[in-house]
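Participant: got a sequence here, can you model it:
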Amino acid sequence: MDLFFDLDGTLTDSGEGIMRSAQYALSKMGIEVDDYRTLRKFVGPPLEDSFIEFYGMSAEEAECATAFYRERFAVKGRYENYVYAGIGKSLQTLSDAGHRFVIATSRTARMADEILRYFHLRHHFIYVGGRDEEGRLHSKTDVLLDCLAHLHISAAEALMIGDRHFDIDGAREVGMPSMGVLWGYGDRAEMEEAAADYIVESPEEMVETIARIAQ
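Facilitator: Predicted coordinates:
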């Protein structure tokens with residue numbers, strides 16, 4: 001089975017780096033946020049969408065804020081990050097069982113590739129899909145369609161695994177079954193509302209559930 005993984009909140013806990021970088025960007029835009037932890041809502045969706053939705057920015061302002069965000073994230077934010085316990089072992093177990101892995105993330109594919117290499121996880125993945133530098137790919141749906149087209153994979157025979165409703169929504173829109181994980185930045189209510197096909201609480205349960213699906 002081809003397994004499509006979200007990155008942030010699914011394989012790695014990048015929340016601190018994302019939130020601190022969002023705090024930095026907002027400060028540059030004249031908006032002071034005293035506690036970066038209140039910016040948890042920035043973990044998951046495309047950055048521009050968050051600046052527009054949560055702070056009422058115009059598209060041009062959101063583009064500027066995103067540039068400020070990336071300014072800090074490239075230097076500090078990406079290192080304020082760690083791999084969730086059990087992920088490395090789970091990936092190896094799934095790989096040994098013959099599954100193939102694809103990354104489908106809302107961050108740029110280039111940055112995702114760098115993060116995976118930093119954590120020595122890149123070798124597990126046949127393809128790293130993410131937003132492009134030109135802005136052609138924006139939503140999780142866009143990224144998934146690009147991955148499917150590039151790899152000539154059938155959506156119905158793959159599985160999207162992620163921690164936010166954006167992952168589940170994107171999978172549904174391309175006709176892919178989905179699995180919501182609860183160790184990231186979404187909760188069970190969010191996964192149930194998004195109608196995830198499967199919901200798991202730990203990497204170990206993820207492996208067990210995929211084994212049953214693949215039978």
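
Participant: now whichever helix in the chain runs longest: buried residues?
Facilitator: Longest helix of the chain, by residue count under DSSP state H: helix 59-75. Within helix 59-75, the residues that count as buried by 16 or more other Cβ atoms under 10 Å are Ala62, Cys64, Ala65, Thr66, Phe68, Tyr69, Arg70, Arg72, Phe73. Heads up, the C-betas are built off the backbone N, CA and C, glycines and all.

Participant: out of those residues, who's nearest Leu7?
Facilitator: In terms of Cβ to Cβ, no member of the buried residues of helix 59-75 lies closer to Leu7 than Phe73, at 13.3 Å.

Participant: about what we covered before: TSV for the buried residues of helix 59-75, including pLDDT and distance to Gly17?
Facilitator: Output for the buried residues of helix 59-75, formatted as TSV (pLDDT from 0 to 100; distance: Cβ to Cβ, whole Å):
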residue	pLDDT	distance to Gly17
Ala62	96	19
Cys64	97	20
Ala65	97	16
Thr66	95	15
Phe68	97	14
Tyr69	96	10
Arg70	92	12
Arg72	96	9
Phe73	92	6
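
Participant: distance to Leu7 added to those, as JSON lines?
Facilitator: Compiled in JSON lines, the buried residues of helix 59-75 are given as follows (distance: Cβ to Cβ, whole Å):
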{"residue": "Ala62", "distance to Leu7": "22"}
{"residue": "Cys64", "distance to Leu7": "25"}
{"residue": "Ala65", "distance to Leu7": "21"}
{"residue": "Thr66", "distance to Leu7": "18"}
{"residue": "Phe68", "distance to Leu7": "22"}
{"residue": "Tyr69", "distance to Leu7": "16"}
{"residue": "Arg70", "distance to Leu7": "16"}
{"residue": "Arg72", "distance to Leu7": "18"}
{"residue": "Phe73", "distance to Leu7": "13"}
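
Participant: please, where are all the helices along the protein?
Facilitator: Under the criterion DSSP H, the chain contains helices at 15-28, 47-55, 59-75, 87-96, 109-118, 140-151, 165-174, 188-194, 203-214.

Participant: list the contacts of the longest helix of the chain.
Facilitator: 17-18, 20-22, 24-26, 28-29, 47-49, 51-52, 57, 111 (Cβ atoms under 8 Å, 6 or more residues apart in numbering).
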